[in-house]
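Participant: Sequence first, predicted model second:
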Amino acid sequence: MPFVRIDALRADSERLDALGRAVHDALTETIGFPPDDRFQVLTSHDGTSSTLAYDDYLGVPRDDGIVYIAITMRSGRTPDQKQALYRRIAELAHEYAGTEPRNVFITLTENTSVDWSFGYGAAQYAASD
């Protein structure tokens, strides 16, 4: 169960959808999430009343094409799986949305089963820990 938040600067609904598909397809391919396990918040910032800040940290030259992707999921993936996920997201974001791979900034946060509620105020996965 991944929860994904994508923030992009001046992205129309088509680009946001393409970015969401890129992340979802990468999660399905590299981590093995089911195709119907898609929970995403996609946000475009207009650059005036809301914007995204960036710099050239670690020598990566970013520009206004930057996309921030925050993924929260249950723990248990290997470093190799995570690195494959990052690579695939960058590849698909470029293919689907035209986003330069250098502008794909990803954070991954892991938690445990009891940290999820899918409705009714219940922790549906809690018993599986």
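Facilitator: Ah, there it is.

Participant: For this structure, give me the ranges with low pLDDT.
Facilitator: Low-confidence segments of the chain (pLDDT under 70): 127-129.

Participant: What ranges does it have for its helices?
Facilitator: All helices of the chain, identified by DSSP state H, fall at 13-30, 79-97.

Participant: elements contacting the longest one?
Facilitator: This points to helix 79-97. Under the contact criterion of 3 or more CB pairs under 8 Å, 6 or more residues apart in numbering; DSSP states H and E, helix 79-97 touches helix 13-30, strand 67-74, strand 104-111. (Each C-beta comes from the backbone N, C-alpha and C, glycine too.)

Participant: cutoff 6 Å now
Facilitator: helix 13-30, strand 104-111 (3 or more CB pairs under 6 Å, 6 or more residues apart in numbering; DSSP states H and E).

Participant: Also the shortest one?
Facilitator: In terms of contact count using 3+ CB pairs under 6 Å, 6+ apart, helix 13-30 is assigned the packing partners strand 39-45, helix 79-97.

Participant: Comparing these, which comes out most buried?
Facilitator: Most buried of the helices and strands packed on helix 13-30 by mean neighbour count (mean count of other CB atoms under 10 Å) is helix 79-97; its value is a mean of 17.

Participant: related to what we said a few turns ago, the helices of the chain: which one's closest to residue 49?
Facilitator: Between residue 49 and the helices of the chain, the shortest separation by CB to CB is 17.4 Å, and it involves helix 13-30.

Participant: if we can go back for a sec, distance to residue 7 added to the helices and strands packed on helix 13-30, as TSV?
Facilitator: Below are those laid out as TSV (distance: least, CB to CB, whole Å):
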stretch	distance to residue 7
strand 39-45	5
helix 79-97	13
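
Participant: Quick one, which of the ones you listed gets closest to residue 55.
Facilitator: It's strand 39-45; of the helices and strands packed on helix 13-30, that one is closest to residue 55 (CB to CB) at 16.5 Å.

Participant: quick one, the closest one and helix 13-30 angle?
Facilitator: Inter-element angle recorded for strand 39-45 and helix 13-30: 140 degrees (by axes from the mean of the first three to the mean of the last three CA atoms, to 10 degrees).
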